[in-house]
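Enquirer: Kindly return the folded structure for what I paste below:
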Amino acid sequence: MTSNIIEVRLSAKEPNGDVFTENVPASHLAGDRYLLLASPGFVGGAAAGDEVQLISQALGTFRVLRRGGNISIQVFFNDSDSAKRNSIADAVDKIIQPLGGRVDGGADSDIGHLLVLTVPFIDNFAGIESAMGIISSRFPVERWMYGNVFDDRDGTTPLNWWHFTLSPILATKYSMSGDYYCDERPWQSIARIHGSKSGSDQFGQGVNLERKPDRFPARLVELPILADIVAGWDRYELVPAMQNKPGIYRIVASPGFAPGISSGDMIELKPRMGRYTVIRRSGNITVQAIVKAPTNGHASLERDISKRFAAIGGWIDGAKSGIDTRLLVFTVPVVVGFRVIDILLAEVKSDYHCLKCTYSNVFDTNDGVTPLNWWI
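Expert: Numbers count the residues shown, from 1 in each chain. Presented below is the predicted three-dimensional model:
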């Protein structure tokens with residue numbers, strides 16, 4: 001199974017005109033379009049789940065094409081004890097988990113460290129503000145700030161994208177109707193920075209953490225996940241994932257053979273190889289399409305089908321060739337609705353000699369017909 005997981009170079013400009021860059025894990029969608037798999041720690045204006053277009057790969061300039069519904073938060077700590085770093089990250093992760101949040105990574109210096117958080121926007125900012133208040137009271141937080149809430153040009157103008165974006169958590173509530181949903185509740189007044197963005201030397205003491213893009217614990221790995229059992233033999237698929245903490249991983253590309261999971265799902269590995277428990281759903285659906293391989297190559301075929309999925313907010317996560325067939329794996333947010341996806345699958349099956357189009361994480365694998373209902 002080929003994967004489109006890479007690191008994209010994003011850049012931003014500081015108030016004094018200096019430009020800095022950061023490498024961010026992403027999935028290549030098509031052309032110059034990428035899906036961010038983790039929130040940036042230094043570059044503002046984007047978060048995990050956003051679809052971005054690279055204007056210049058050399059310079060790292062980009063624009064956000066579609067919001068993923070997530071808020072990125074950067075938290076700066078005074079404590080430089082690296083032994084405490086992971087325990088603080090684990091504790092912070094537990095505090096934001098009830099909000100659907102997670103720790104995406106961070107950076108270290110000799111006198112402190114940074115944590116990068118991703119939290120879905122749900123209804124308003126009150127839950128995030130409350131969680132950050134708890135974190136600030138329990139740990140040596142020097143300051144924290146939102147990464148994609150305000151316009152970087154002035155630091156005060158709200159971007160207001162949350163008026164028109166459905167978060168992955170809310171997406172599970174509006175799936176079966178097939179209707180699109182737009183949250184138009186009024187924007188809540190919040191503060192841009194809790195402390196100083198430019199950073200007093202109280203924290204940096206001459207070391208600018210915002211210019212040091214080394215990240216932790218965002219480690220990309222390939223997990224052997226059980227795909228099926230044939231004649232008593234287990235068969236596995238290597239699935240790209242990002243380690244959240246020991247034993248806990250976030251899937252970063254929907255698998256082509258292993259059933260039950262999708263891009264963005266959080267899983268906990270079981271002791272027996274290849275087995276896992278889904279501990280948090282991302283709100284994405286995995287679609288596997290087996291098409292007849294054209295004699296003139298498959299690049300144009302994949303591009304055409306990918307455009308169909310992109311039109312409803314989906315993207316291609318991988319592909320694998322057979323003798324005369326091609327397996328394509330797509331991820332689609334469940335908020336699109338099953339009716340819309342079913343219509344697309346019928347069109348693909350008719351127009352592209354699709355031999356089989358199936359959902360991979362919608363039905364119980366024991367019988368293939370009982371809905372898992374995780375989207376309700």
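
Enquirer: Next up, the contacts around residue 72.
Expert: 39, 40, 46, 47, 48, 104, 116, 117, 118, 146, 147, 148 (CB atoms under 8 Å, 6 or more residues apart in numbering). Yep, even glycine has a C-beta here, placed from its N, CA and C like the rest.

Enquirer: quick one: the fourth one from residue 79, how far?
Expert: Here residue 47 is placed at a distance of 26 Å from residue 79 (CB to CB, to the nearest Å).

Enquirer: Repeat that for the second one.
Expert: When distance is defined by CB to CB, residue 40 is 23 Å away from residue 79.

Enquirer: Check residue 270 too.
Expert: 34 Å.

Enquirer: Ok, residue 262 next?
Expert: 37 Å.

Enquirer: do residue 98 as well
Expert: 25 Å.

Enquirer: now residue 241
Expert: Taking CB to CB, one finds residue 241 at 29 Å from residue 79.

Enquirer: For the two, work out which one has more neighbours and name it.
Expert: Taking neighbours as other CB atoms under 10 Å, residue 241 and residue 79 compare with residue 241 leading, 26 against 16.

Enquirer: ok so, going back, which of the contacts of residue 72 are buried?
Expert: For the contacts of residue 72, a neighbour count by 16 or more other CB atoms under 10 Å gives the buried set as 39, 40, 46, 47, 48, 104, 116, 117, 118, 146, 147, 148.

Enquirer: Need the residues that contact stretch 319-334.
Expert: So stretch 319-334 is contacted by 1-2, 168, 171-172, 175, 253-256, 262-264, 283-293, 298, 301-302, 305-306, 309, 312-318, 341, 355, 375 (CB under 8 Å, 6+ apart).

Enquirer: Buried only: go through the residues you listed for me.
Expert: 1, 168, 171-172, 175, 253-256, 262-264, 283-291, 293, 298, 301-302, 305-306, 309, 314-318, 341, 375.

Enquirer: Counting only strands, which of those residues make the cut?
Expert: Among the buried ones among the contacts of stretch 319-334, DSSP state E puts 284, 285, 286, 287, 288, 289, 290, 291, 315, 316, 317, 318 in strands.

Enquirer: now, which of those sits nearest residue 24?
Expert: residue 315 (16.3 Å; CB to CB).

Enquirer: Verify the contact between that closest one and residue 35 for me.
Expert: Yes. Taking CB atoms under 8 Å as the definition, residue 315 is a contact partner of residue 35 at 5.9 Å.

Enquirer: any residues in contact with both of these two?
Expert: Joint contacts of residue 315 and residue 35 (CB under 8 Å, 6+ apart) are 27, 29, 51.

Enquirer: neighbour-wise, which of these leads?
Expert: residue 27 (25 neighbours).

Enquirer: tell me the secondary structure for the nearest residue to that one once chain neighbours are set aside?
Expert: Distances taken as CB to CB, 6 or more residues apart in numbering place residue 35 nearest to residue 27, at 4.4 Å, with adjacent residues excluded. For residue 35, the secondary structure call by DSSP: H, G, I helix; E, B strand; the rest coil comes out as strand.

Enquirer: do residue 260 as well
Expert: coil.

Enquirer: how close does the closest residue to it other than its chain neighbours get to residue 114?
Expert: Spatially, and ignoring its direct neighbours in sequence, residue 260 is nearest to residue 361 (5.3 Å; CB to CB, 6+ apart). Residue 361 sits 34 Å away from residue 114, going by CB to CB.

Enquirer: cool, and residue 73?
Expert: 11 Å.

Enquirer: out of those two, which sits in the more crowded spot?
Expert: Between residue 73 and residue 114, counted using other CB under 10 Å, the more crowded position is residue 73 (27 against 23).

Enquirer: Confirm that one sits in a helix?
Expert: No. Per three-state DSSP, residue 73 lies outside any helix segment and is strand.

Enquirer: Could you say which helix or strand holds the closest residue to it other than its chain neighbours?
Expert: Of all residues not flanking residue 73 in the chain, residue 117 sits nearest, at 4.1 Å (CB to CB, 6+ apart). Per DSSP states H and E, residue 117 falls inside strand 112-120.
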